[in-house]
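S.K.: Sequence and predicted model, in that order:
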Amino acid sequence: MTQTLTPDVKRRLYHGMLLVRRTEERIQANYHLREMRSPPHLYMGHEAAAAGVCATLRGDDMVFPYYRSHGWYLAKGGDLGAMMAELFGRATGCSRGWGGSMHLIDVAAGVYGTSAIVGGTVSHAAGVALTFQMRGGDSVAVVSFGDGATEEGVFHETLNFASLRKLPLLFVCENNLYATNTHIRDRQAQTEIWRHAERYGIPGRRLDGNDVVAVWHAAAEAVARARRGEGPSLLELETYRYFEHCGINEDLDLGYRTAEELSAWRARDPLASGRRLVSDGEAKEMEAEIAARIDRAFEQARSAPWPTADFQEAAR
């Protein structure tokens, strides 16, 4: 089924990427103040993945991101103020100040929870997809993970189970080439991750994960298939992170990747290519609106109370 790229969809795609990028830039610029209480896995460079997929989803669909989670949380509609309060370790955070950057939850927005465990949300997403199926609706679950997670047994076990049960589940692999500092060619004999889908009898595709329109089209097709009861799909999105695996700095001094490689990927920046989707006036309005939202989120996070020392009370 062909999806129509309407002006509203174009605006949503670009706005989704811009919100994530500007938020991450502000986190990076302020992290040295030591107000934020958890180490961030920055999403800069990956924005088209979360924005493209989430633009195909409804409010009742659920996403299960991995630890590089800020982009997915925001693109699905998670509360920006609650996310920043969580990074500041405050009681008003989306996990009440106990979870930090890698454990973001906003069930009302369809963010069921992120996880620091590699591949940790893959089977969780299958469980919720099974629940959706048993209830008889057409809601869809989406799980995102990095290329390193495809080396975990739970990835293969869940692909198999999802295929057997025709679960309404979309697997999204953000292949940025590196599991921390090790290139995929040094870890996997089969580097075409999308081909794992073939072994379990489900559709799989590899595409440019920095092209937000391509991501949107592919995700829309997979989500529509899941809603029809035809089962899961796997998307491998080729992308690249601009900064270190965990933290705010560049890491070229570690020697596992080159300045030339980083420069080549920056030339394919998803925000730059996605800029054509909106007019100059629309882009200017978005910049102002997003800047004001981020200002507000930081101000509220700084003034919010600290969480209680009683975890049982916080969990209620």
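M.R.: Structure received.

S.K.: and the gap between residue 139 and residue 210?
M.R.: Counting by CB to CB, to the nearest Å, the separation of residue 139 from residue 210 is 28 Å. Using the backbone N, CA and C atoms, a C-beta is placed for each residue, glycine as well.

S.K.: Compare these two and say which is more crowded by neighbours.
M.R.: Between residue 139 and residue 210, residue 210 has the larger neighbour count (other CB atoms under 10 Å), namely 25 against 20.

S.K.: what residues are up against residue 36?
M.R.: Listed by CB atoms under 8 Å, 6 or more residues apart in numbering, the contact partners of residue 36 are 27, 30, 87-89, 101.

S.K.: Which of these lies at the shortest distance from residue 161?
M.R.: residue 101 (29.7 Å; CB to CB).

S.K.: any chance you could map the helices in the stretch 201-316 of the chain?
M.R.: Under the criterion DSSP state H, counting those that start in this stretch, helices of the stretch 201-316 of the chain are mapped to 212-227, 259-266, 270-274, 280-303, 311-315.

S.K.: Between the ones you listed, which one is closest to residue 95.
M.R.: Nearest to residue 95, of the helices of the stretch 201-316 of the chain and by CB to CB, is helix 311-315 at 9.1 Å.

S.K.: Would you mind checking which of the contacts of residue 36 is nearest to residue 294?
M.R.: Among these, residue 27 lies closest to residue 294 (CB to CB), at 9.3 Å.

S.K.: Phi, psi for the closest one please.
M.R.: With angles defined as degrees, to the nearest 10, residue 27 sits at phi -60, psi -50.

S.K.: Please, which helix or strand holds the most centrally placed residue in the chain?
M.R.: Here the mean C-alpha position of the chain is nearest to the C-alpha of residue 72 (CA atoms, centre = their mean), at a distance of 3.3 Å. Residue 72 is part of helix 70-75 when elements are defined by DSSP states H and E.

S.K.: Please, where are all the strands along the chain?
M.R.: 62-64, 141-146, 169-175, 178-179, 182-183, 204-208, 233-238 (DSSP state E).

S.K.: Hmm, residue 96 is touching residue 307, no?
M.R.: Yes - contact status for residue 96 versus residue 307: in contact at 5.6 Å, counting by CB atoms under 8 Å.

S.K.: For the chain, which residues score under the pLDDT cut-off?
M.R.: Segments of the chain classed as low confidence (criterion: pLDDT under 70) are 1-2, 311-316.

S.K.: one more time with 80, if that's ok
M.R.: Counting by pLDDT under 80, the chain contains low-confidence ranges at 1-2, 309-316.

S.K.: picking up where we left off before, looking at the strands of the chain, which is closest to residue 192?
M.R.: Across these, residue 192 has its closest neighbour in strand 204-208 (6.6 Å, CB to CB).

S.K.: Identify the residues contacting the closest one?
M.R.: Contacts with strand 204-208, where a contact means CB under 8 Å, 6+ apart, come from 192-198, 214-215, 218, 233-238, 268.

S.K.: From these, list the buried ones, please.
M.R.: If you count burial by 16 or more other CB atoms under 10 Å, the buried members of those come out as 193-194, 196-197, 214-215, 218, 233-238, 268.

S.K.: residues contacting residue 202?
M.R.: With contact set as CB under 8 Å, 6+ apart, residue 202 has these partners: 159, 162-163, 231-234.

S.K.: How many residues are close by the closest residue to residue 47 other than its chain neighbours?
M.R.: Sequence neighbours aside, residue 17 is the residue nearest to residue 47 in space, at 4.0 Å (criterion: CB to CB, 6 or more residues apart in numbering). For residue 17, the number of neighbouring residues by other CB under 10 Å comes to 28.
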